[in-house]
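> got a structure for you, letters missing:
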């Protein structure tokens, strides 16, 4: 693995954890009253963000390198890391008003689309030939 790829993976992992902290604060402020435990969510979110951060960065590298077999495993691991925190929140959603559930679904969809765009841009950027000066 190149040094540049390692820096990018570590940066992405850091940003994933930072995003997780923001989500933990959000849950503590807005969803505590609906039965979502901020402590349980924090454990799920932080552990999942590690899995998600490493997995998504690794998936980009595997796509760039066209290592499709390894991508299947890492893709599954990454998907689990992505879905786990939201699955916990939605498992507690029975006590939430419909408007709150709609907002949560919208956040998940926006996050998913943003992630897909990032992944596509990362792969395209990594596949571009480097100009020699």
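Perfect, thanks for sending it. Here the structure is a predicted model, which means the values were calculated and not measured.
> helices of this protein, residue ranges please.
3-26, 38-64, 68-91, 98-127 (DSSP state H).
> most tightly packed of those helices?
Each of the helices of the chain was scored by mean neighbour count; the highest is helix 38-64, a mean of 19, by mean count of other C-beta atoms under 10 Å. Where C-beta positions appear, they are placed from N, C-alpha and C, glycine not excepted.
> now the angle from that one to helix 98-127?
30 degrees (axes from the mean of the first three to the mean of the last three C-alpha atoms, to 10 degrees).
> where does the chain dip in pLDDT?
Counting by pLDDT under 70, the ranges of the chain that qualify are 1, 126-133.
> pretty sure residue 50 sits against residue 43.
No. The pair formed by residue 50 and residue 43 falls short of the contact definition of C-beta atoms under 8 Å, at 11.5 Å.
> returning to that earlier point: to residue 32, which of the helices of the chain lies closest?
helix 38-64 (5.8 Å; C-beta to C-beta).
> check which helices and strands that closest one sits against.
helix 3-26, helix 68-91, helix 98-127 (3 or more C-beta pairs under 8 Å, 6 or more residues apart in numbering; DSSP states H and E).
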